[in-house]
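Trainee: take this sequence and fold it.
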Amino acid sequence: MLTKRILSFLLIFVVFAAYARPNSGAHGQVADRSDYFPGQLLVASPKMRDPRFHKSVVYLVEHNAKGALGVIVNKIYGKGRLAKLMEGFGMTPGSAEERITLHFGGPVAADGAFILHTGDYKAARSRPVDKAISFTTDTRILKDVAAGKGPRRLLFVLGYAGWSAGQLQDEMARGDWSLAKPDEGLVFGDGKGDAWERIVGASEVPL
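Mentor: Model (predicted):
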């Protein structure tokens, strides 16, 4: 039901807001803390114990003293017409002919929508992670995409990954994750292969 979907999206937005970083420094980054990594990529170790994150690359949207939240960027559910997706959210698609890729973003709230997009698009409910990438849970962004007014690049995911306070640091210390710098090709996909394989293949340090 549409009402249940809307409530689900609102709940996710509230959860992300609860993890918001203190406003200290440019772009809201936490000052004087080198152990927080918002806007970075988490790369799963080949020895990752959790099968849900096998060969996963996670873009960290939030990471602070309260915990961490991110979305997997390299697990595709499938591709379909934007018009059908809009209809599923109760929107009138008009003449939308674009195709859109649906991604698995993580095991939490697997039926909730979460959208990363390039920073050229501005909307009231979009929140910047850094200058290059923003996020939103507002599916009305699809209307702008259909009208040719959307962001240059977009990643539409269902579900997200979450860690409690200190949990991610513990997993990194255990060797489950490594960090990598993001770029648009890795986050949004550029047709050059799976992000995990590209990062691990280019790394000079065994993950």
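
Trainee: helix, strand or coil: sort out K84 for me.
Mentor: The three-state label given to K84 by DSSP: H, G, I helix; E, B strand; the rest coil is helix.

Trainee: what's the closest non-adjacent residue to it?
Mentor: On the basis of Cβ to Cβ, 6 or more residues apart in numbering, the spatially nearest residue to K84 that is not a chain neighbour turns out to be P93, at 7.8 Å. C-betas here are computed from N, CA, C, even on glycine.

Trainee: kindly report the same for R49.
Mentor: In space, R49 is closest to D176, 6.9 Å off (Cβ to Cβ, 6+ apart).

Trainee: quick one: the one you found from L168, how far?
Mentor: For D176, the distance to L168 equals 9 Å [Cβ to Cβ, to the nearest Å].

Trainee: of the two, who's got more company?
Mentor: Between D176 and L168, counted using other Cβ atoms under 10 Å, the more crowded position is L168 (25 against 18).

Trainee: now the more buried one: closest residue in space, sequence neighbours ignored.
Mentor: A68 is the one closest to L168 (Cβ to Cβ, 6+ apart), at 4.5 Å.

Trainee: next one: N74
Mentor: Spatially, and ignoring its direct neighbours in sequence, N74 is nearest to A195 (4.2 Å; Cβ to Cβ, 6+ apart).

Trainee: same check, this time on D35
Mentor: Nearest one to D35, counting by Cβ to Cβ, 6+ apart, is Q169 at 6.0 Å.

Trainee: per-residue pLDDT, L7?
Mentor: Looking at L7, its pLDDT reads 35.

Trainee: from G150, how far out is Y121?
Mentor: Distance from Y121 to G150, by Cβ to Cβ: 6 Å.

Trainee: quickly list what's touching both of the two.
Mentor: Common neighbours of Y121 and G150, using Cβ atoms under 8 Å, 6 or more residues apart in numbering, are I141, D144.

Trainee: give me the distance between L155 and G175.
Mentor: 27 Å.

Trainee: of those two, who's got more company?
Mentor: L155 (24 against 11).

Trainee: neighbours of the residue nearest to G159 when sequence neighbours are not counted, how many?
Mentor: Nearest residue to G159, sequence neighbours excluded (Cβ to Cβ, 6+ apart): A110, at 3.9 Å. A110 has 11 neighbouring residues, counting by other Cβ under 10 Å.

Trainee: partners of whichever helix or strand A110 is part of in the sheet?
Mentor: For A110, the element it lies in under DSSP states H and E is strand 108-118. Partners of strand 108-118 in the sheet, by DSSP bridges, are strand 133-136 (antiparallel), strand 154-164 (antiparallel).

Trainee: just say which of those strands is most tucked in.
Mentor: strand 133-136 (a mean of 22; mean count of other Cβ atoms under 10 Å).
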